[in-house]
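# Test case, fold it:
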Amino acid sequence: MASCESCPSKDKCGDKDRDNCMIENNPINDVKHIIGVMSGKGGVGKSTVSVLLAHDLMKKGYKVGILDADITGPSIPRLLGLQDKRATILETGIIPVFADNGLKVMSLNFLVDEENTPVIWRGPIIAGTVKQFWTDVLWEELDYLIVDLPPGTGDVALTVMQVMPLTGVVMVSVPQDMVSMIVAKAINMAKKMNVDVLGVIENMSYIQCPDCDTQIKMFDGDIKTFLDTAHIPLLGELPMTKSIINVASQGINHSDEAMTLFEPITNKIIKELE
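Okay, the predicted model is just below:
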C-alpha cells in the first residue's frame, strides 16, 4: 500500500494526487532520494553514468543502492564486477548483493544461473519484476537509490514513475540532433508523469587533445539550445576517454580519472535536490 510518510514526494502532492497514488513502499525500507537514470535510446552510456553516480555518492559518505531496471539487458553487475554474485531470497524479502565498498545492488542477473541466460518475457511480467525489485528487496536505510532504466518510454519507465516515489530523473544523451529529439520524448514523458527532470548529462561530448587541451567535437548537435527551450539544466559534458570507456571492461576501481570528471555532475545533482 501507499505510505505517505516514507514517500520522498509526500510534501509535493495534493489530496487528489494521494487519492490516485499507486506508489507502494516496503515498511522495512527508508530511502530518502530515488533518482532514475533515463535515455531516449540505447548505447549512450546510461548504465555507466548510473555506476559513476552511485560510486561518487558513496565516496562522499552517502548510503547508496542501485536498482538495475533494465531486465532484458542488465549490465550493472558486470560494470561493478559482480557478475558472479547471487542475491539471497528470504521469506521477508530479497537481500541485495553488496559491492566491496558497501554499495547495495539488485539486478535480474543475480537471480539467474548464468548471466547469458536470455529473458524472454512480455512487458507486463518485466514491469512486475521491476516493481518487486522496489517492494520486495531489503534496501533498508539509503540516502540515494539509483534506478538504471532501460532506454525508451515503455512499460518499465511507466511502472517506475507510477509505483516508485521518484525524487527526479537524470537524462543521458549524446550530442546528436536525432538523439536530442528522442531524449525530448523521454523528458516530455517525465513531465506528463509529474516527475522532476533534474537535468541532462551529455556523454561522448568531445575528445580532449592530449597535446594542446583543445576539445574536439565528434558529433554535430546543439544540445544547449534544445535544453534552453525545454528549460532543463545541463548537468555536465563527459568526454570520450579511456577511463570512462574502461568502466565497462575493467570496472570502476580502474577509473579514478572518470570519477574526477564525474564529480562536478554529482555535486550539481546534490545541489539540485537541496
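# got a list of contacts for whatever helix or strand residue 48 lives in?
Per DSSP states H and E: residue 48 is located in helix 46-59. Contact partners of helix 46-59, identified using CB atoms under 8 Å, 6 or more residues apart in numbering, comprise 35, 37-39, 64-66, 68, 70, 75-76, 79-80, 101-103, 143-144, 146, 148-149, 151, 170, 172, 201, 203, 238, 244, 247-248, 252, 255, 258-259, 262-263, 265-266, 269. Quick note: C-beta positions are derived from backbone N, CA and C, even for glycine.
# ChimeraX command for the buried members of these?
Selecting only the buried entries of the contacts of helix 46-59 in ChimeraX, with 16 or more other CB atoms under 10 Å as the criterion:
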select :35,37,38,39,64,65,66,68,70,75,76,79,80,103,143,144,146,148,149,151,170,172,201,203,238,244,247,252,255,258,259,262,265,266,269
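# What are the boundaries of the strands in the protein?
Using DSSP state E, the strands assigned to the chain run over residues 30-39, 64-68, 88-90, 93-95, 97-98, 104-106, 141-148, 168-173, 197-202, 207-208, 215-216, 234-237.
# Quick one: those strands as TSV, columns for mean pLDDT and distance to residue 116 too.
Shown next, in TSV, are these (pLDDT from 0 to 100; distance: least, CB to CB, whole Å):
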stretch	mean pLDDT	distance to residue 116
strand 30-39	96	24
strand 64-68	98	16
strand 88-90	94	21
strand 93-95	96	22
strand 97-98	97	18
strand 104-106	98	19
strand 141-148	98	19
strand 168-173	94	25
strand 197-202	93	30
strand 207-208	80	33
strand 215-216	78	37
strand 234-237	92	34
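# Including distance to residue 51, could those go into CSV?
Conversion of these to CSV gives the following (distance: least, CB to CB, whole Å):
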stretch, distance to residue 51
strand 30-39, 10
strand 64-68, 7
strand 88-90, 22
strand 93-95, 21
strand 97-98, 14
strand 104-106, 10
strand 141-148, 8
strand 168-173, 12
strand 197-202, 13
strand 207-208, 22
strand 215-216, 24
strand 234-237, 16
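# If you count neighbours, what's buried in stretch 159-174?
Under 16+ other CB under 10 Å, the buried positions of stretch 159-174 are 159-174.
# so what's the closest residue in space to residue 104 that isn't next to it in sequence bridging to?
Leaving aside its sequence neighbours, residue 104 sits nearest to residue 65 (CB to CB, 6 or more residues apart in numbering; 3.8 Å). For residue 65, the beta-bridge partners are residue 104, residue 145 (DSSP bridges).
# Return the residues in contact with residue 65.
Residue 65 neighbours (CB under 8 Å, 6+ apart): 31, 54, 96, 103-106, 139, 142, 144-146.
# out of those, which is most surrounded?
Neighbour counts for the contacts of residue 65, by other CB atoms under 10 Å, peak at residue 54, which reaches 30 neighbours.
# How much space separates it from residue 148?
9 Å (CB to CB, to the nearest Å).
# what's the longest helix seen in the chain packed up against?
Longest helix in the chain, counting residues (DSSP state H): helix 256-273. The contact analysis (3 or more CB pairs under 8 Å, 6 or more residues apart in numbering; DSSP states H and E) places helix 256-273 against helix 46-59, strand 168-173, strand 197-202, strand 234-237, helix 242-245.
# 7 Å instead, please
helix 46-59, strand 197-202, strand 234-237, helix 242-245 (3 or more CB pairs under 7 Å, 6 or more residues apart in numbering; DSSP states H and E).
# Looking at the ones you listed, which is nearest to residue 214?
strand 234-237 (14.5 Å; CB to CB).
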